[in-house]
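**Student:** dropping the sequence and predicted coords here.
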Amino acid sequence: MLSDFVSQSNNKDFIAGNAKLLRKINTETILRVIRERQPISRSQIAELTHLNKGTVSNITSQLLKDDLILETSADERSIGRNPLNLSLKLGKHFVGSIDLDSPVTRIGVVDIDGSVKGMSSIHLEPGTAEESVTMCVQELKKICTRLGIERLEGLGVSVSGLVNSREQIVDFASNLRWENFNIGETMRRLLPDNKNLSVGNGANVSALAESWFGTHEVDLTNFIFLSVHPGIGSGIIIGNKLVEGEYQASGEIGHMVIYPGGEPCLCGSNGCLEAYASDRATVRRYIAEKYGNVAPPTDISLENIIDLARQGDGTAVEVLKQTGYYLGLGISNAIKVIDPRVIIVGGLITRSWDLIHPEIMKVIRQQAYFGRRESVEILPTSLTVPPRLLGAATLAIERMFDDYSLSD
């Protein structure tokens, strides 16, 4: 992302004759550098962005005045005056975050460095969309009251399903049983004072969260975030940009057919990856293999299965390894199509990484490389909070930074 802004700021044909646009681009560039490299000095910002020191000084002075950043002494213990470093100012600007899914929906308040200040969850039964969104907004207001926050700088919403981000319409969300729901219109009615609303698909926003706030020491210029939950989706980042597709439906890896005519999928097709490697598929397979025709306990979940595997349950171990195998099939196909540098997997299934990762890699080595020497790194998410919740917040933070303009 930073390289894109830097190249724009150096493109004289693009910005010639438009001082206001140049000012906006330079501000966005400096904010991103501070966020990614903080703490950082003005001279380092000038060096990284190729902006002259006067421009950097002018813009950072206004950012300080607007309380978006702060400066502290570098304390280098050298003779003379210590340089001042710049960082984002925390505890001042917050965004709301809602990760809509069924049965569990998460709501949070997040600072601009990605730290979650408050979070709660509610159970949503599939049904009326308007009522569900109203419940979420009420819960968000409760969190703000508890934290003493009077105003949010924006709100990001993640939905597991097909989402038209530009129109802010949920085209289809199978878990929620929503179809053609104008979530943007509903949110604006419930929160009329909020001027910064962003809506995105759960896997896409997870990819953004990993790109912005992940801690893996790897190049994430080109990567896929594979989100494994009751359903399976992916967020694709190419050249530091999220790939949405013509109809904003890219990344539906879960509905890639790996076994034609195989297990039925909620999408109406058969043999989809989701029907074999999703959380619900793993649970269904475990119940079938462990209990057969005997009625199973009613509280079996993926978390239970992972715990049982840790306790030596052979069926649980084998079932999780099978999930790794099926994920490997899907990932192999994604590698052939996208050619990413890294694939990051998110979801509860990563708690069994020691079991599934070897199985994933076996399949990939057999099916994906075709003699290529370069291998693709397959990693579990580095995020310590739910990626879709943090990703929804990232949408709002990103828009806040992109729309920020200096005071006149």
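**Tutor:** Arrived safely, thanks for sending. Residues are numbered from 1 along each chain as shown.

**Student:** quick one: Gln138 from Gly148, how far?
**Tutor:** Relative to Gly148, Gln138 is positioned 18 Å away (C-beta to C-beta, to the nearest Å). Where you see a C-beta, it was placed from the backbone N, CA and C, and this is true even at glycine.

**Student:** same thing with Thr134?
**Tutor:** Between Thr134 and Gly148 the distance, using C-beta to C-beta, works out to 23 Å.

**Student:** neighbour count winner among those two?
**Tutor:** Using other C-beta atoms under 10 Å, the more surrounded residue of Thr134 and Gly148 is Thr134, with 14 against 6.

**Student:** correct me, but the more buried one touches Met187?
**Tutor:** No - counting by C-beta atoms under 8 Å, Met187 is not a contact partner of Thr134; they are 10.1 Å apart.

**Student:** any idea which element the spatially most central residue of the chain lies in?
**Tutor:** With distances taken as C-alpha atoms, centre = their mean, the chain has Ser206 as the residue nearest its mean C-alpha position (1.7 Å). Following DSSP states H and E, one finds Ser206 within helix 202-213.

**Student:** which element follows that helix toward the C-terminus?
**Tutor:** Following the chain from helix 202-213 toward its C-terminal end, the next helix or strand by DSSP H and E is strand 223-228.

**Student:** quick one: low-confidence parts of the protein?
**Tutor:** For the chain, residues meeting the criterion pLDDT under 70 lie at 1-17, 75-82, 370-373, 404-408.

**Student:** how about 80 then?
**Tutor:** Flagging of the chain using pLDDT under 80 yields the residue ranges 1-21, 74-83, 127, 368-374, 402-408.

**Student:** in stretch 376-396, which residues are buried?
**Tutor:** The neighbour-count criterion (16 or more other C-beta atoms under 10 Å) identifies 376, 378-381, 383, 385-396 as the buried residues of stretch 376-396.

**Student:** in helices, which of the residues you listed appear?
**Tutor:** Among these, DSSP state H puts 387-396 in helices.

**Student:** how about CSV for those residues, with distance to Asn333 added?
**Tutor:** What follows is those, written out as CSV (distance: C-beta to C-beta, whole Å):
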residue, distance to Asn333
Pro387, 22
Arg388, 23
Leu389, 29
Leu390, 28
Gly391, 24
Ala392, 28
Ala393, 31
Thr394, 27
Leu395, 28
Ala396, 33
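
**Student:** returning to what we had before: from the contact counts, what lies against the helix holding Ser206?
**Tutor:** Identification of packing neighbours for helix 202-213 by 3 or more C-beta pairs under 8 Å, 6 or more residues apart in numbering; DSSP states H and E yields strand 155-159, strand 223-228, strand 232-238, strand 241-242, strand 342-346, helix 387-403.

**Student:** need those in TSV (columns: distance to Asn85).
**Tutor:** Output for the helices and strands packed on helix 202-213, formatted as TSV (distance: least, C-beta to C-beta, whole Å):
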stretch	distance to Asn85
strand 155-159	29
strand 223-228	30
strand 232-238	29
strand 241-242	30
strand 342-346	30
helix 387-403	19
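
**Student:** closest to Ala368 out of those?
**Tutor:** With distances scored as C-beta to C-beta, the stretch of these nearest to Ala368 is strand 342-346 (10.3 Å).

**Student:** helices or strands up against that closest one?
**Tutor:** By 3+ C-beta pairs under 8 Å, 6+ apart, strand 342-346 packs against helix 202-213, strand 223-228, helix 314-338, strand 377-380.
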